[in-house]
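[1] How does the following fold in three dimensions:
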Amino acid sequence: MHDKNISPVGWYVGSYLIRFIELEDEKKNDPEEKFTAWENTVIVKARDLDEAYDKIVDIAELDSKPYKGDPEGVPVQWVFEGVTELLPIYEELEDGSEIMWLEHNPTKLKNLRKIVHQKHEFRE
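    Residues are numbered from 1 along each chain as shown. Down below sits the predicted model:
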């Protein structure tokens, strides 16, 4: 039996969370404050989950360098908060390869239909 935590094709899909801060904001680390955040999903080639995790952290940290934002040059930064998902990819990458899945608990049909989108909605 194959280990479900090891990708037989050497690819992993993972997501990480980064949040936007102004470096001089006194509330930048206040757990009760609200922040703009992005959850980015990437694929990485790795031998195992540990190496995949480390690669995702390295990728995320590339985006977390301070810089001057807006016309006033306010010091800002994207702060890496952590990895949110990490899964092995079980199939060779090609059109139609399944790379992620999510099981939904029993849900009313009307509510299931609320989570799907029409093609035009992805352009909005």
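[2] I'd like the distance from the lowest-mean-pLDDT helix or strand in the chain to the chain centre, please.
    Among the helices and strands of the chain, strand 67-69 carries the lowest confidence by mean pLDDT, DSSP states H and E, at a mean of 89. Distance of strand 67-69 from the chain centroid (Cα atoms, centre = their mean, to the nearest Å) equals 23 Å.
[3] now for that strand, which elements pack on it?
    When contacts are defined as 3 or more Cβ pairs under 8 Å, 6 or more residues apart in numbering; DSSP states H and E, strand 67-69 sits against strand 74-88. (Glycine included, C-beta is placed from N, CA and C.)
[4] quick one: average confidence on the longest helix that the chain contains?
    Secondary structure of the chain per DSSP state H: the longest helix is helix 49-62. Averaging pLDDT along helix 49-62 yields 96.
[5] List the buried residues in that helix.
    Of all the residues in helix 49-62, those buried under the rule 16 or more other Cβ atoms under 10 Å are Leu49, Ala52, Tyr53, Lys55, Ile56, Ala60.
[6] I'd like to know which of those is nearest to Ala37.
    Looking at the buried residues of helix 49-62 and their distance to Ala37, the nearest is Ala60, at 12.2 Å (Cβ to Cβ).
[7] Need the residue closest to the centroid of this protein.
    Ser15 (2.5 Å; Cα atoms, centre = their mean).
[8] What confidence value was assigned to that residue?
    95.
[9] what's next to stretch 109-124, contact-wise?
    Outside of stretch 109-124, the residues within contact range by Cβ atoms under 8 Å, 6 or more residues apart in numbering are His104.
[10] Using CSV, write out every CA atom in it.
    These are the backbone C-alpha positions of stretch 109-124, laid out as CSV (Å, rounded to 0.1, in the frame of the first residue of the first chain):
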residue,chain,number,x,y,z
LEU,A,109,-28.9,20.8,-2.2
LYS,A,110,-29.9,24.4,-2.2
ASN,A,111,-26.8,25.3,-0.2
LEU,A,112,-24.5,23.1,-2.3
ARG,A,113,-25.7,25.0,-5.4
LYS,A,114,-24.8,28.3,-3.7
ILE,A,115,-21.1,27.4,-3.8
VAL,A,116,-20.8,26.8,-7.5
HIS,A,117,-20.4,29.6,-10.0
GLN,A,118,-21.2,30.2,-13.6
LYS,A,119,-18.4,30.9,-16.1
HIS,A,120,-19.0,34.6,-16.3
GLU,A,121,-18.8,35.0,-12.5
PHE,A,122,-15.0,34.2,-12.6
ARG,A,123,-14.4,37.3,-14.6
GLU,A,124,-16.1,39.7,-12.1
